[in-house]
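Asks: Turn this into a model:
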Amino acid sequence: MAKNLYTAEAMVTGGRAEGHGRTSDGVLELDLRMPTEMGGEGGATNPEQLFAIGYAACFEGALGAVGRREQVELGDVSITSRVTLLTTEERGFNIAVELDVMLPDVGDGQRAAEIVAAAHEVCPYSNATRGNVDVKLTANGQPVGEPVA
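Replies: Residues are numbered from 1 along each chain as shown. Prediction:
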C-alpha cells in the first residue's frame, strides 16, 4: 500500500492568461500570464515554466537518492529543463520535456548515463509522465538511452 508522504495544495484563479496562484501555506504566490511567444503579454510565469522548475528540482532529488543508494559522489549537480507546449492531432495539447543533467564528479560517460537512467525510474515526475510525455535525457552532454562515448 502506498504511503502518503506529503500533499501540496494550491489555488489558481484566472487561468494561464490573467491568473493568480497561491499555495495553501502562502510560501508561493505569483501571477500567471500567457507568454509573448503565444500572443500573451508575458511579464509573469506560466504553467510550462513552473513544470520545468518542478521537474528539474524533483529529478535532482531522485539523482541524490540514486547517488546515496549506489554510494556515488555526484558533485554539484545542475539540470537544465525545457518544457515545450505542443498541439495534438485531436486538437488538444501536450508537453514534451528535455532534461540536460550535468554530474561534474562522474567522469565516465556510461556511468553518468546509468545514474540518470536510474533517477528517471525513481523520480515522481518521470513516473507520472511515463508513456504520455516525451522525455529526452542527457547526462554530461550525451544522450541517455543511446550509446554514450
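Asks: Please point out which parts of the helix or strand bottoming out on mean pLDDT in the chain sit buried.
Replies: Every helix and strand in the chain was compared by mean pLDDT, DSSP states H and E; the lowest is helix 15-18, with a mean of 92. Neighbour counts using 16 or more other Cβ atoms under 10 Å place R16 of helix 15-18 among the buried residues. Every C-beta, even on glycine, is put in place using the N, C-alpha and C of the backbone.
Asks: Quick one: name whatever helix or strand follows it.
Replies: strand 19-23 (DSSP states H and E).
Asks: Provide the contact partners of the biggest helix by length in the chain at residue level.
Replies: Using DSSP state H to define each element, the chain has its longest helix at helix 47-70. Residues from elsewhere that reach helix 47-70 (Cβ atoms under 8 Å, 6 or more residues apart in numbering): 16, 32, 35, 72-74, 77, 79-85, 95, 97, 99, 101, 103, 115-116, 118-120, 122-126.
Asks: Repeat the analysis, applying 7 Å as the threshold.
Replies: Helix 47-70 has contacts (Cβ atoms under 7 Å, 6 or more residues apart in numbering) with 16, 74, 77, 79, 81-83, 85, 95, 97, 99, 115, 118-119, 122-125.
Asks: CA atoms of it as PDB?
Replies: Output of helix 47-70 as PDB, limited to C-alpha atoms (Å, rounded to 0.1, in the frame of the first residue of the first chain):
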ATOM      1  CA  PRO A  47       2.500  26.600 -16.300                       C
ATOM      2  CA  GLU A  48       5.200  25.300 -18.500                       C
ATOM      3  CA  GLN A  49       7.900  27.300 -16.600                       C
ATOM      4  CA  LEU A  50       6.500  26.000 -13.300                       C
ATOM      5  CA  PHE A  51       6.500  22.400 -14.600                       C
ATOM      6  CA  ALA A  52      10.100  22.900 -15.900                       C
ATOM      7  CA  ILE A  53      11.300  24.000 -12.400                       C
ATOM      8  CA  GLY A  54       9.300  21.400 -10.600                       C
ATOM      9  CA  TYR A  55      10.500  18.600 -12.800                       C
ATOM     10  CA  ALA A  56      14.200  19.600 -12.600                       C
ATOM     11  CA  ALA A  57      14.000  20.000  -8.800                       C
ATOM     12  CA  CYS A  58      12.300  16.600  -8.400                       C
ATOM     13  CA  PHE A  59      14.800  15.000 -10.800                       C
ATOM     14  CA  GLU A  60      17.700  16.400  -8.800                       C
ATOM     15  CA  GLY A  61      16.200  14.800  -5.700                       C
ATOM     16  CA  ALA A  62      15.900  11.500  -7.500                       C
ATOM     17  CA  LEU A  63      19.600  11.800  -8.500                       C
ATOM     18  CA  GLY A  64      20.500  12.300  -4.900                       C
ATOM     19  CA  ALA A  65      18.600   9.200  -3.900                       C
ATOM     20  CA  VAL A  66      20.300   7.100  -6.600                       C
ATOM     21  CA  GLY A  67      23.700   8.500  -5.600                       C
ATOM     22  CA  ARG A  68      23.200   7.700  -2.000                       C
ATOM     23  CA  ARG A  69      21.900   4.200  -2.800                       C
ATOM     24  CA  GLU A  70      24.800   3.400  -5.100                       C
END
